[in-house]
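Peer 1: fold the following, please.
(2 chains)
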Amino acid sequence: MSRELIWVAVVCVAAVLTNFIPGGRVLVLPELFVAFMIYLYWLARPSAELVAAKGEVAAVGPGDDKVHTWPHLVRSEFLCLIFVTLLLIVWSLLVDAPLEEPANPTRTPNPSKAPWYFLGLQEMLVFFDPWHAGVVLPTFIIVGLMAIPYIDINPAGNGYYAFESRKWEILTFFLGFHILWISLIIIGTFLRGPGWNWFWPWEVWDAHKVEAMTNVNLHYLFGIRSEAGAIIFGGVVVLGYFVIGTVAMYVGIVRMKGQEFMQRWGMPRFILTSFLFLNMMSVVIKMVLRHAGNIMYVWQTPWINF
Amino acid sequence: MSKWEETKRQITESQVWQSIFRHGYDDTPGNRVQMVSGNVWLHLHPSKVRRHAIRMRFTWCMGGITFLMFLVTVVTGIYLMFYYRPTAEYAYADMKYLEFDMPFGMFMRNMHRWAAHGMVIAVWLHMFRVFLTGSYKPPREFNWMVGVILLVLTMLLSFTGYLLPWDQLSIWAVTVGSNMARATPLLGYEGPFADWTGANPIYDARAFLFGGGEIGPHTLLRFYILHCIFIPLVASLFMAVHFWRIRRDGFSGPPV
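Peer 2: Just a heads-up that it's a prediction; the model follows:
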């Protein structure tokens, strides 16, 4: 219980800082979230007890370690309910919900930001066109999440923590959830200012900040100037990325897991997985190309850009 | 037997009492089972669960917290609905009224907003924990899909509610968030191949969302109805399926 009280204290301090210190929101909220994440990881660290429980399930069969829901589960749910409600009440007493001037469709604020949970998508607009970042990629995220149970045929870790035997699955999910989704939200919320320019927390949000427009398209970098040349070049690069990426994944998986696994896994599962994975990696690649190499589009056409 | 004991016996043995409470409170295995199976709310649980799988460090309790946050927003949301009119003339004034004149008005609004944000965070962490424990593996594949739908509905609930204060923050956040829709390939007027389908500013995916070519009073009413009636109803249906499936598949830990 003392651990929970420490969290109440931490949240109180965070609420006070958020409310009363200028820029406190930027200062406190990401750290609070990261600290909470670390706490959750720490909670889930593999323990002798859980490993033993896992062994027991395998050896003795399910149902042997069961306890009555009342009082064992109901009690901890009730305590959790009280604890979370308390946190919520404290936070609501200390931090007021924002209310700005009345809506005015003729006055666009700079920056205009989507609600924070969509800021990862808004941040992706830096790297992709709206149809891609705002429609295609979110669709892939939702479809990809739904597909997870059908493409993951590893029987290990069904209902218990198994970091060892599920390394690749967990690493991929970690990349998608923590690196891409959460950190893009943190960037979009706290590091993007007027004109969607990058501002560090200690910098003033200057609406007249001058950013040199040095981005070029990939084909330009390769000396291609004609439209037709750009279309063909970009098409070859993008198509090549998917073809070579798929082949490389195929070879890599066969090498790592063996031909037998690939047979069992099946072509439809492999194609779906590699397609979704390569799309996810394309976000990472375009982020690197933009931030490190000032590349705008890999494939520019009169109809769509990629 | 004292007078008090006698009265107590008369009450607990009366037909009225026994029609309401069907079992005793003595700590017997039978009563423990009945406490759960005989209670409409608690019977969301099975009557027995795995010891190791109900530890806080195993479950993080994030699914339960998500549901708690949903219930908090329902209760505080009903309070807010008493004082809020979803029209462009009144919406903002009602927010001010709520803030300065209503008893606990500001507090209720704060609770509503922070619980909504808490729900978004909790549902993400719930998904993350379910992934880490591999709790989407057979036979729980379909329930994971239902969970993904609920995740999307949670964000849509939060997003539609974002517009309702009708201040600068809300209309511009919703404008930016919805502008994606006008870039939908084929269906949005700024998206690729819009000229093939004839999508235009007043007849495309974003106009469908807004109820018109631009964000305005019609959007406010539309989002209000989506936020207060449509999405909560749909989400409740999916929650019913989600919870029922969890119970059928052994609640927590390796499947039965």
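Peer 1: make it CA atoms for all contacts and neighbour counts henceforth
Peer 2: Fine.
Peer 1: how far does stretch A:231-249 sit from its chain's centre?
Peer 2: Taking the mean of its C-alpha atoms, stretch A:231-249 sits 25 Å from the chain's own mean (CA atoms, centre = their mean, to the nearest Å).
Peer 1: do that stretch and chain B come into contact?
Peer 2: No. On the criterion CA under 8 Å from any CA of the partner chain, stretch A:231-249 is out of touch with chain B, staying 15.6 Å away.
Peer 1: list the buried residues of that stretch.
Peer 2: By neighbour count with 16 or more other CA atoms under 10 Å in any protein chain shown, stretch A:231-249 contains the buried residues A:231, A:233-235, A:242, A:245-246, A:249.
Peer 1: top helix in chain A by residue count?
Peer 2: helix A:227-257 (DSSP state H).
Peer 1: now do chain B
Peer 2: From DSSP H, the single longest helix across chain B is helix B:105-132.
Peer 1: check which element follows that helix along the chain.
Peer 2: helix B:141-163 (DSSP states H and E).
Peer 1: which neighbouring elements make contact with that next one?
Peer 2: helix A:137-151, helix B:105-132, helix B:168-179, helix B:217-225, helix B:231-248 (3 or more CA pairs under 8 Å, 6 or more residues apart in numbering or on different chains; DSSP states H and E).
Peer 1: got those as CSV, with mean neighbour count and distance to B:P201 columns?
Peer 2: What follows is those, written out as CSV (neighbours: other CA atoms under 10 Å in any protein chain shown; distance: least, CA to CA, whole Å):
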stretch, mean neighbour count, distance to B:P201
helix A:137-151, 17, 22
helix B:105-132, 22, 31
helix B:168-179, 22, 11
helix B:217-225, 20, 15
helix B:231-248, 16, 26
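Peer 1: can you check the pLDDT for residue 115?
Peer 2: No chain was given, so I picked chain A. pLDDT recorded at A:P115 is 94.
Peer 1: my bad, chain B
Peer 2: 97.
Peer 1: that one touches A:I89, doesn't it?
Peer 2: No. With contact defined as CA atoms under 8 Å, B:A115 does not count as touching A:I89 (9.6 Å).
Peer 1: follow-up on the earlier one: run the chain-centre distance for the longest helix of chain B.
Peer 2: 9 Å.
Peer 1: and the angle from it to helix A:137-151?
Peer 2: 40 degrees (axes from the mean of the first three to the mean of the last three CA atoms, to 10 degrees).
Peer 1: which other helices and strands contact helix B:105-132?
Peer 2: helix A:74-94, helix B:62-82, helix B:91-100, helix B:141-163.
Peer 1: so which of those gets nearest A:G188?
Peer 2: Closest of the helices and strands packed on helix B:105-132 to A:G188 is helix B:141-163, at 16.8 Å (criterion: CA to CA).
Peer 1: could you check the angle that closest one makes with helix B:217-225?
Peer 2: Going by the same axes, to 10 degrees, helix B:141-163 makes 140 degrees with helix B:217-225.
Peer 1: list the buried residues of helix B:141-163.
Peer 2: Applying a neighbour-count criterion of 16+ other CA under 10 Å, one finds B:141-151, B:153-155, B:157-163 buried in helix B:141-163.
Peer 1: again with stretch B:31-51
Peer 2: Applying 16+ other CA under 10 Å to stretch B:31-51 flags B:31-38, B:42-51 as buried.
Peer 1: near chain A too, which of those residues?
Peer 2: Okay, of the buried residues of stretch B:31-51 touching chain A (CA under 8 Å from any CA), that's B:32-33, B:35-36, B:45-51.
Peer 1: in a markdown table, list those residues along with pLDDT and secondary structure.
Peer 2: As requested, those are exported to a markdown table (pLDDT from 0 to 100; DSSP: H, G, I helix; E, B strand; the rest coil):
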| residue | pLDDT | secondary structure |
| --- | --- | --- |
| B:R32 | 90 | helix |
| B:V33 | 89 | helix |
| B:M35 | 88 | helix |
| B:V36 | 89 | helix |
| B:H45 | 88 | coil |
| B:P46 | 87 | coil |
| B:S47 | 86 | coil |
| B:K48 | 86 | strand |
| B:V49 | 86 | strand |
| B:R50 | 83 | strand |
| B:R51 | 80 | coil |
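Peer 1: contacts only, for the residue nearest to B:D94 when sequence neighbours are not counted.
Peer 2: Of all residues not flanking B:D94 in the chain, B:Y84 sits nearest, at 5.6 Å (CA to CA, 6 or more residues apart in numbering or on different chains). Contacts for B:Y84 were tallied using CA atoms under 8 Å, 6 or more residues apart in numbering or on different chains; they are B:90-91, B:94-95.
Peer 1: can you list the domain ranges for chain B.
Peer 2: Listed by automatic domain parsing, the domain ranges of chain B are B:1-48, B:56-248.
Peer 1: what's the spacing between the nearest residue to B:P255 once chain neighbours are set aside and A:N158?
Peer 2: Excluding its sequence neighbours, the residue lying closest to B:P255 (CA to CA, 6+ apart) is B:D249, at 5.6 Å. As judged by CA to CA, to the nearest Å, B:D249 and A:N158 stand 12 Å apart.
Peer 1: before we move on, what about B:M62?
Peer 2: The value you get for B:M62 to A:N158, if CA to CA is used, is 19 Å.
Peer 1: what's the first helix or strand after the least confident helix or strand in chain A by mean pLDDT?
Peer 2: Lowest by mean pLDDT, DSSP states H and E among the helices and strands of chain A is helix A:48-60, with a mean of 46. Using DSSP H and E, the helix or strand that follows helix A:48-60 towards the C-terminus is strand A:66-68.
Peer 1: paired strands for that following strand, with orientation please.
Peer 2: strand B:48-50 (antiparallel) (DSSP bridges).
Peer 1: just checking, what packs against the very next helix or strand once past the partner strand?
Peer 2: Downstream of strand B:48-50, the first helix or strand assigned by DSSP H and E is helix B:56-59. In terms of contacts (3+ CA pairs under 8 Å, 6+ apart), helix B:56-59 is packed against helix A:24-43.
Peer 1: got the angle for the helix it packs on vs helix B:105-132?
Peer 2: Using the same axes, to 10 degrees, the inter-axis angle of helix A:24-43 relative to helix B:105-132 is 40 degrees.
Peer 1: list of residues touching helix A:24-43?
Peer 2: Helix A:24-43 is contacted by residues A:14, A:17-19, A:186, A:190, A:201, B:57-58, B:60 when judged by CA under 8 Å, 6+ apart.
Peer 1: for ChimeraX, what selects the buried ones among those residues?
Peer 2: The buried residues among the contacts of helix A:24-43 can be selected in ChimeraX (16+ other CA under 10 Å) with this line:
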select /A:14,17,18,186,190 /B:57,58,60
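Peer 1: identify the farthest-apart pair in the contacts of helix A:24-43.
Peer 2: A:P201 and B:F58, at 36.0 Å, using CA to CA across the contacts of helix A:24-43.
Peer 1: what is the neighbour count of residue 77?
Peer 2: Because you didn't say which chain, this covers chain A. Each residue near A:E77 was counted by other CA atoms under 10 Å in any protein chain shown, and the total is 17.
Peer 1: meant chain B, my bad for not saying
Peer 2: 17.
Peer 1: and the pLDDT at it?
Peer 2: For B:G77, the predicted pLDDT is 97.
Peer 1: out of the contacts of B:Y84, which are buried?
Peer 2: B:91, B:94-95.
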